[in-house]
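turn this into a structure:
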Amino acid sequence: MSDMTICLINPPWVTKQGNVWREIRAIMPPLGLLYLAAVLEKENIPVDVLDFQAGSSNWEEIETTLREKEYDYYGITGTTSIISHAYRIAEIIKRYHPQAKIILGGVHATALPEEALQRPAVDYVIRGEGEQALVQLLRGEPREAIQGLSYRQDGAIRHIRPDGLMLDLDKIPFPAFHKVDTRLYRPAFGAYKSLPGISMLTTRGCPGTCTFCNSAGIPLRTRSAENIFAEIQMLHQTYGIREIQFYDDTFTVYQKNVEKLCDLLINAGTPITWCCFARCDCVSEGLLKKMKQAGCHQILYGIESADADILTNVGKHINAAKNNMAVTMTKAAGITTRCAFMLGNPGETEASIERTIRYSIDLDPDIALYNITTPYPGTKMFDWAKEKGYLLSENWDDYDLSKPVMRLPSLTADALQRGYKKAYRSFYFRPRYILKCLRQGVSPAGLRMLAQGFRKMLAVC
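Numbering: from 1, shown residues only. Below is the predicted model of the structure:
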């Protein structure tokens, strides 16, 4: 096995002009690849990681790097918005290293493995969680015995079911952060209190049934509080990390586990600040107070819409009363609120967009994010839109949350785009909002960040 080499690759993410994520997005390590790298190292398989989202690589530099680095296998990940870049990288590799085997993974390839395997440069697709399947493939085990593997055979494409799933998350080694330069990463604009910062995952799967989410329907599992705490300590002691962004779909779903983690952080006096994503029905007053004491300074809630019928349409079974209570409790605990809204869901109208904008202003989170609903492959919403003939584009580069890619009978694409821009203007350019920011005792550095933030909003609106 020691003679076998593999390189894991994170393609670049190029956002278009006018996309808010171009201005505020985080650059975080590819945790999926780093988990794979840690598992391969444990199996004594030499592995490197190339993260083309970190730094400032252009395509000429990427091609030079790929030409000069030769491996037996290359594993490439890709979400829908960057899958075209993953395919381009696969083609470059095959041009210079035709004998190498190329494996594609990630949520897009999991959803559309046949699309990936129609590319001559792609030899295998690993669907779902790939730790076990990748090791089996590199060991040379029979392909038909590897769950989650898709490949070509005799002119046909074979899928070995089911998708890969790791049941005991505590048995997976910590991500191989030593394979990347942690100094290149930064949290999203406005989402950190301390630096340097990095991301973590504590769960896999989601309890929700949202039609727009790839995690819906995947069994929910969590790491133990002790395991999570040990990784935090390692990140702080080894890499000097002072800020953690928990990227779980719903960090607080296992509330007792989060409480235990908070107790561990409090008792150890770990000098870490952190933020997370949560559902409004998965928090309580006591939990929020403990999270604040343990270093939590910001929570992002997915509110999505002010319209109850639209929330039902997308499988988000949380009402306005729960949203209001969660945001109120979070503010009372001294934690910053960051709320996300989706415009352009099935059933959306110009009037419902106006209601959502007004509701977001009444809710008055510290930060509001508005996205254009995007039906990603692998979600129920994508299947619905494709069946109804509502997809405006299957050019995956358009699936970046800032451009309508789904035709709605009740709303034109132009009206949706206008609503998207109006939402940002209406929320951020209110005198009340600006005064609130100034009254919070903003430091000179904070004032510079505030001014920078308004410039970023102007770039979108």
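
which regions of the stretch 351-461 of the chain lie under the pLDDT threshold?
440-461 (pLDDT under 70).

in it, which spans are strands?
Assigned strands in the stretch 351-461 of the chain, in chain order: 367-372 (criterion: DSSP state E, counting those that start in this stretch).

for it, which segments are assigned as helices?
380-388, 413-428, 431-439, 444-460 (DSSP state H, counting those that start in this stretch).

domains in the chain, by residue range?
Domain assignment of the chain by automatic domain parsing yields the ranges 6-159, 186-428.

may I have the host helix or strand of K331 as CSV, with CA atoms only?
Secondary-structure element containing K331, defined by DSSP states H and E: helix 320-332. Only the C-alpha atoms of helix 320-332 are listed here, as CSV (Å, rounded to 0.1, in the frame of the first residue of the first chain):
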residue,chain,number,x,y,z
ALA,A,320,-43.3,32.8,12.9
ALA,A,321,-43.9,32.4,16.6
LYS,A,322,-41.0,30.0,17.0
ASN,A,323,-38.8,32.3,14.9
ASN,A,324,-39.6,35.3,17.0
MET,A,325,-39.1,33.5,20.3
ALA,A,326,-35.7,32.1,19.2
VAL,A,327,-34.4,35.4,17.9
THR,A,328,-35.6,37.2,21.1
MET,A,329,-34.0,34.6,23.4
THR,A,330,-30.8,34.7,21.4
LYS,A,331,-30.6,38.5,21.7
ALA,A,332,-31.4,38.3,25.4
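
what are the buried residues along that helix?
320, 322-323, 326-327, 329-330 (16 or more other CB atoms under 10 Å). Every C-beta, even on glycine, is put in place using the N, C-alpha and C of the backbone.

ok, stretch 45-65 next?
45, 47, 49-54, 57, 62-63.

just stretch 138-152 next, same as before
Buried, per 16+ other CB under 10 Å, within stretch 138-152: 138, 146-151.

got it, and stretch 202-222?
Buried-residue list, stretch 202-222, by 16+ other CB under 10 Å: 202-208, 210-216, 218, 220-222.

start to end distance for that stretch?
6 Å (CA to CA, to the nearest Å).

please enumerate residues in contact with it?
107, 110-111, 129, 165-169, 223, 228, 246, 248-251, 253-254, 257, 261, 279, 313-317, 342, 345, 373-376, 378-381, 384 (CB atoms under 8 Å, 6 or more residues apart in numbering).

try 7 Å this time
Outside of stretch 202-222, the residues that reach it under the criterion CB atoms under 7 Å, 6 or more residues apart in numbering are 107, 129, 165, 167, 169, 223, 228, 246, 248-251, 253-254, 257, 279, 314-316, 373, 375-376, 378-381.

before we move on, what about stretch 177-184?
Here stretch 177-184 makes contact (CB under 7 Å, 6+ apart) with 27, 29, 34, 37, 48-49, 51, 54-55, 196, 198, 239.

averaged pLDDT, it. What do you get?
Here stretch 177-184 scores 95 as its mean pLDDT.

what's the answer for stretch 252-266, then?
97.

same thing with stretch 14-23?
Here the average pLDDT along stretch 14-23 is 55.

and of the buried residues of helix 320-332, the nearest to Y359?
Proximity of the buried residues of helix 320-332 to Y359 (CB to CB) peaks at A320, which lies at 7.3 Å.
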